[in-house]
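J.: Okay, here's the prediction I keep looking at, along with the sequence it came from:
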Amino acid sequence: MLGMLLVNIVFLTLSYQRLKITTFDPEFATSLGMRSTWINTAFMFLVSVTVTAGFNAAGAILVIALVITPPATAYLLSKNLPTMIALTVVIAVVGALAGFWFAYVLNAATSAAISVFYGVLFVLALAIERFIKLRRRRLVRPEARSVATAKRHDEYTATVQAGA
């Protein structure tokens, strides 16, 4: 697994910019002359080899938890791709270490403990994200909302009348 980690790090380091462009805007990548099918095929091949190696090393439950939960949790906490990648790594490491420790203390299955800990981190991040959104909505006073809505309505009306 350490070998797979090194291969993944080398691939992502060497092809980060190309992978980002081809994944999020393939038409733009094609207009720049990039072969988006090649980079995406190489990435999918690397993902499949990593998942297969993970199945043999850790089992299906842990591999699915490792692949999905840390990035989903990081996505809740950040909308910036480099920050999201860094948070994914931190969440994966912290979750694996904490889950392993809980499994040791409780004499439970390691993969189950790590998966449950990832789930707890995800629910915690979801609660934090919802709380922040709710707080932002409440900070905007109802009077300010109605004034802003009236101002937008006036601007729209003026734009429509000027265009007519």
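T.: That came through, no problem. Source: prediction; values computed, not measured. Numbering: from 1, shown residues only.

J.: Can you show me the helices along the protein?
T.: Secondary structure of the chain, counting by DSSP state H: helices at 2-24, 26-31, 36-57, 60-77, 81-106, 110-139, 142-163.

J.: Could you identify which of those helices is most buried?
T.: Greatest average neighbour count among the helices of the chain goes to helix 60-77 (a mean of 18), per mean count of other CB atoms under 10 Å. C-beta coordinates here come from the backbone N, C-alpha and C atoms, glycine included.

J.: That helix packs against which elements?
T.: If you count contacts as 3 or more CB pairs under 8 Å, 6 or more residues apart in numbering; DSSP states H and E, helix 60-77 packs onto helix 36-57, helix 81-106, helix 110-139.

J.: would CSV of the ones you listed with mean pLDDT and distance to residue 27 be doable?
T.: Shown next, in CSV, are these (pLDDT from 0 to 100; distance: least, CB to CB, whole Å):
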stretch, mean pLDDT, distance to residue 27
helix 36-57, 87, 9
helix 81-106, 92, 19
helix 110-139, 89, 31
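
J.: For residue 13, find the nearest of the ones you listed.
T.: Counting by CB to CB, residue 13 lies closest to helix 81-106 out of the helices and strands packed on helix 60-77; the figure is 11.3 Å.

J.: centre of the chain versus the closest one, how much separation?
T.: 14 Å (CA atoms, centre = their mean, to the nearest Å).

J.: from here on, count from 38
T.: I'll keep to 38 as the first residue from here, and by that count the last item is helix 118-143.

J.: could you check the angle helix 39-61 makes with that helix?
T.: Per axes from the mean of the first three to the mean of the last three CA atoms, to 10 degrees, the angle that helix 118-143 makes with helix 39-61 is 140 degrees.

J.: Run the angle between helix 118-143 and helix 147-176 for me.
T.: 130 degrees.

J.: So residue 83 versus residue 118, what's the distance?
T.: Separation of residue 83 from residue 118 (CB to CB, to the nearest Å) stands at 18 Å.

J.: can you check residue 164 too?
T.: From residue 164 over to residue 118 the distance is 24 Å, taken as CB to CB.

J.: Thank you, goodbye.
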